[in-house]
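J.: Output the structure for:
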Amino acid sequence: MTVTPADPGESAVGCYFVDHLVKAILMVDGQRLETFVHIASLPLHASTFTALRTRAHHLQTIVFRTSIQSNLRMLFNQPTQWASAGKLKELVIRTCGGVHHGKIAVHVANGVFGQLQKLGIIRCGYGDDALFEAVNEPPVWAIGVLKRLDIDHADDREVKALSIIHVQEIYATRVFTTGLIDALNSGGWPGLQRVYTYSQGNGSGSQILQLKQACDARGISLLTGAVPYGNCSCHNE
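T.: Here you go, the predicted model:
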């Protein structure tokens with residue numbers, strides 16, 4: 001992760017070598033990358049993120065892990081459609097403190113990422129009341145129904161924000177049962193057919209019953225078998 005000087009005309013913040021390498025690949029004319037997986041201890045440089053968003057036309061899978069932090073909040077929040085929107089099927093965002101659940105949901109609704117089939121939001125997020133309020137009146141849904149949404153490590157407000165997404169299956173781990181119940185009772189996740197949890201939860205028996213009732217009322221199957229992403233001791237389902 002050697003720091004190298006910034007390119008002329010760029011921010012004074014230098015890039016790491018891996019940023020230069022990734023950006024060089026993305027800038028090659030005619031490149032046809034189908035999968036991009038970035039697992040790191042430091043975020044992408046802004047210029048590398050921009051190149052990924054504007055140059056990678058053929059990506060079908062994108063995995064970010066610790067890739068988007070506070071330095072990329074403004075860039076990520078821009079409603080610019082990604083170049084890969086025509087082909088992207090799977091997007092996983094994990095441990096990225098620079099993304100907001102409300103903004104992700106609005107991006108998905110507006111087709112910023114195209115017609116996704118699978119979306120995973122894992123242990124991400126930051127506090128911004130305005131972005132949560134933006135999903136109180138959901139935008140017009142511009143794409144088809146997703147096949148699968150994975151939610152791990154989300155509080156009630158984050159779950160509610162994601163509930164504007166039209167999806168067939170949800171895999172929910174380390175999500176408070178009350179958040180799921182409220183979202184389901186409010187008509188969240190149009191098109192939902194199945195909810196998978198890690199177990200029947202460690203909440204009270206009444207909460208588990210309420211979750212099943214909320215699912216039954218909409219003809220949704222409540223199942224187990226969702227696998228948590230890594231270990232965590234701060235809260236359970």
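J.: Low-confidence bits of the chain, can you list those?
T.: Scanning the chain for pLDDT under 70 picks out 1-14, 199-204, 233-237.
J.: Break down the protein into its helices, ranges please.
T.: If DSSP state H is used as the criterion, the helices of the chain fall at 17-26, 46-55, 73-77, 101-110, 129-133, 156-162, 177-185, 205-217.
J.: how about the fifth one as PDB, C-alpha atoms only?
T.: Looking back up the chat, that one is helix 129-133. Presented in PDB, the C-alpha positions along helix 129-133 are these (Å, rounded to 0.1, in the frame of the first residue of the first chain):
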ATOM      1  CA  ASP A 129     -31.400  12.300   9.000                       C
ATOM      2  CA  ALA A 130     -32.000  14.100   5.700                       C
ATOM      3  CA  LEU A 131     -31.100  11.000   3.700                       C
ATOM      4  CA  PHE A 132     -33.400   8.800   5.900                       C
ATOM      5  CA  GLU A 133     -36.200  11.300   5.300                       C
END
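J.: where exactly do the strands run in this structure?
T.: Per DSSP state E, the chain carries strands over the ranges 3-4, 15-16, 35-39, 61-65, 90-94, 118-122, 146-154, 167-175, 194-197, 221-224.
J.: So in that sheet, which strands flank the fifth one, and in what orientation?
T.: Right, the one you point to is strand 90-94. Listed by DSSP bridges, the sheet partners of strand 90-94 and their directions read strand 61-65 (parallel), strand 118-122 (parallel).
J.: quick one, the last one and strand 167-175 angle?
T.: Note on geometry: by axes from the mean of the first three to the mean of the last three C-alpha atoms, to 10 degrees, strand 118-122 and strand 167-175 are set 10 degrees apart in direction.
J.: neighbouring contacts of strand 118-122?
T.: With C-beta atoms under 8 Å, 6 or more residues apart in numbering as the test, strand 118-122 has contacts from 89-95, 99, 101, 104, 108, 146-154, 162, 165, 167, 229. Any C-beta I mention is one placed from the backbone N, CA and C, and that applies to glycine too.
J.: Selection in ChimeraX covering whichever of those residues are buried, please.
T.: With 16 or more other C-beta atoms under 10 Å as the burial test, the buried ones among the contacts of strand 118-122 are selected in ChimeraX as follows:
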select :89,90,91,92,93,94,95,99,101,104,108,146,148,149,150,151,152,153,154,162,165,167,229
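J.: ok, residue 84 touching residue 61?
T.: No. The criterion here is C-beta atoms under 8 Å, and residue 84 misses it with residue 61 at 9.6 Å.
J.: out of these two, which sits in the busier spot?
T.: Taking other C-beta atoms under 10 Å, residue 84 and residue 61 do not tie; residue 84 has more neighbours (25 against 17).
J.: any idea how far residue 37 is from the more buried one?
T.: Using C-beta to C-beta, to the nearest Å, residue 84 is found at 14 Å from residue 37.
J.: Residue 49 too?
T.: Where residue 37 is concerned, residue 49 sits at a distance of 15 Å (C-beta to C-beta).
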